[in-house]
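Novice: Whatever this is, show me its structure:
(one chain, ligands or ions: 1)
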Amino acid sequence: MNLLVKNGHIIDPLQGIDGIGDVLIENGKIKSVKVSKHQSVIASKNKDSQNSDTLTLGHSDTRIIDAAGLYVFPGLNDMHTHLREPGFEYKEMIKTGTMAAAKGGFTSVCVMPNTNPVNDNSSVTDFIIRKAIQEGACTVYPIGAITKGQKGEELAEMGIMHAEGCVAFSDDGRPVMDSLIMRRALEYSKTFNVPIISHCEDLNLSESGVMNEGLLSVNLGLRGIPSEAEEIMVARDIALAGLTGGRLHIAHVSTQGSVRLIREAKERGINVTAETCPHYFSITEDAVKGYNTNAKVNPPLRTEKDIEAIKQGLKDGTIDVIATDHAPHHRDEKLREFDQSPSGISGLETALSLSLRLVQEGVLTISQLIEKMAVNPAKILRLNKGTLNIGSDADVVIVDLNKEFKVEVEKFVSKGKNTPFDGWVLKGMPIKTICKNKIYDIP
Ligand code: DOR
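Specialist: Next up, the predicted model:
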């Protein structure tokens, strides 16, 4: 497929591109990028096209997309997705989840290992990679389990899984409670330079909590999870990263205290990066009122002060990444009583629009948002993604920053209809996602 995306506002933070221009794609690769208003770099292999205002078409069968008035970014990379396959296909499948990703502007997703069987060995890794090549609407990178069966007792064969294609290791959904195992995981993964992604939760302290601990949990009669259950583990893992020199990535940061700990750790030169998710800066624990299981997530939704701290952390670079933690569950499961219902929010189809609110509020520039959602995940996981560099995969998203729309869960292509954002009116959405040499038109 040859494609010319014309007259869009191209932003590629890695190349310093920010201006109106054209992107030429040939056979699934970026052939050239031309920015006619010289706010930035002109990148092109084609000398003729460098001197003209628009790119000459490589082939007469080149399809043209007029992106005037729209933005053109490198495709988004989600470093925290649950696609549920193998084993929980009733919740989500590689096919449906990657279609939801493409609809959300994502061209790559990194999938957590809490499947059945757990991705704790290279045959499961291989299965995911093969299935995703055949059926995936976008690129899929597996994340392997840190411990066998995610039981926290014995390290998985991380080296073999890494060789098979795992880009990071995590027991997400469950913390590694044993500090010695976590130490060994950081030491082991350091040898092949991939991060350990830590789900920070002290299980003894969170007990069987189901929401944020505070006045509201008392009023609702639900068992609470204090912020400290997250922060104790953030502090421990930072200490272990310091001890080992291993690469630590903190998953789904939800509290003010975690932001503070990560900021201090970065100042001290600890090898730590961090992510948060749109729900942690968009809604508070109030969303749980009425026992709304669609707002049940782990870690739980917190308070206004936490939201403010997370926004500050995003702004000052303490939090490197906005990930979705796309956690689809079946409707029947979310219809259970609050404390029996599984945690998780279906996030791929709302993440970009919710995150654009940060740009509208002046928390982030559009370029910083692309860094958090496309560039930094690729850097942390060492993926050859997140840029419109010549010769790179043509992973592109075309975004209308002004288009308003209503979130309608029935229109989700994900099997997971579990979102607390149903009915919200948001401004800014992806219009087309280009990846794997295909164009996804977003209705
Ligand atoms: O809410 C969550 N759901 N948090 C996690 O850490 C795991 C995820 C899931 O797998 O459903």
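Novice: make it CA atoms for all contacts and neighbour counts henceforth
Specialist: Noted.
Novice: Near the ligand, which residues of the chain? Just list them.
Specialist: Residues of the chain lying near the ligand by C-alpha under 6 Å from any ligand atom: D172, G173, V297, N298, A327, S343, G344.
Novice: swap the cut-off to 8 Å and go again
Specialist: In this structure, the chain approaches the ligand at residues 82, 112, 114, 172-174, 199, 252, 296-300, 325-329, 342-345, judged by C-alpha under 8 Å from any ligand atom.
Novice: Restricted to helices, list those.
Specialist: Applying DSSP state H to the residues of the chain next to the ligand, no entry is found in helices.
Novice: in the protein, what secondary structure element scores lowest on mean pLDDT?
Specialist: The element with the least model confidence among the helices and strands of the chain, by mean pLDDT, DSSP states H and E, is helix 47-51, at a mean of 37.
Novice: Could you look up the next helix or strand downstream of that helix?
Specialist: Proceeding N to C from helix 47-51, the next assigned helix or strand is strand 63-66, under DSSP states H and E.
Novice: Each with direction, which strands does that following strand pair with?
Specialist: Next to strand 63-66 in the sheet, as set by DSSP bridges, lie strand 2-12 (parallel).
Novice: what sits up against the strand it pairs with?
Specialist: 17-28, 35, 57-59, 61-74, 367, 370, 387-388 (C-alpha atoms under 8 Å, 6 or more residues apart in numbering).
Novice: What of stretch 432-443?
Specialist: For stretch 432-443, the external contacting residues (C-alpha under 8 Å, 6+ apart) are 1, 27-28, 75, 102-103, 105-107, 137-139, 393-399, 430-431.
Novice: Show me just the buried residues among these.
Specialist: Applying a neighbour-count criterion of 16 or more other C-alpha atoms under 10 Å, the buried members of the contacts of stretch 432-443 are 28, 75, 102-103, 105-107, 137-139, 393-399, 430-431.
Novice: So which of these belong to helices?
Specialist: Helix and strand membership here follows DSSP H; of those, those in helices are A102, K103.
Novice: what sits against G149?
Specialist: For G149, the set of contacting residues under the criterion of C-alpha under 8 Å, 6+ apart consists of P117, V118, D120.
Novice: would the first one count as being in a helix?
Specialist: No. The assignment for P117, made by DSSP: H, G, I helix; E, B strand; the rest coil, is coil rather than a helix.
Novice: just use 50 as the starting number from now, easier for me
Specialist: Will do, 50 is the new start, and the previous item becomes P166.
Novice: which residues sit in contact with it?
Specialist: Contact partners of P166, counting by C-alpha under 8 Å, 6+ apart, are P135, G136, V173, G198.
Novice: Also C215?
Specialist: T174, Y190, P191, I192, G193 are the contacts of C215 under C-alpha under 8 Å, 6+ apart.
Novice: residues near D175, how many?
Specialist: Neighbours of D175 under the rule other C-alpha atoms under 10 Å: 17.
Novice: nearest residue to it other than its sequence neighbours?
Specialist: Residue nearest to D175 in three dimensions, not counting chain neighbours: E213, with 6.6 Å by C-alpha to C-alpha, 6 or more residues apart in numbering.
Novice: And the one you found, how close does it get to the ligand?
Specialist: Here the criterion is C-alpha to the nearest ligand atom, to the nearest Å. By it, E213 lies 23 Å from the ligand.
Novice: Need the contact partners of the helix or strand containing G291.
Specialist: Under the criterion DSSP H and E, the helix or strand holding G291 is helix 276-293. The contact list for helix 276-293, computed with C-alpha under 8 Å, 6+ apart, reads 228, 231-232, 235-236, 247, 249-252, 254-255, 261-262, 296-297, 299, 304, 306-307, 310-311, 314, 319-321, 348.
Novice: rerun at 7 Å
Specialist: The list of residues contacting helix 276-293 from outside it, by C-alpha atoms under 7 Å, 6 or more residues apart in numbering, reads 232, 235-236, 249-251, 254-255, 296-297, 304, 306-307, 310, 314, 319-320.
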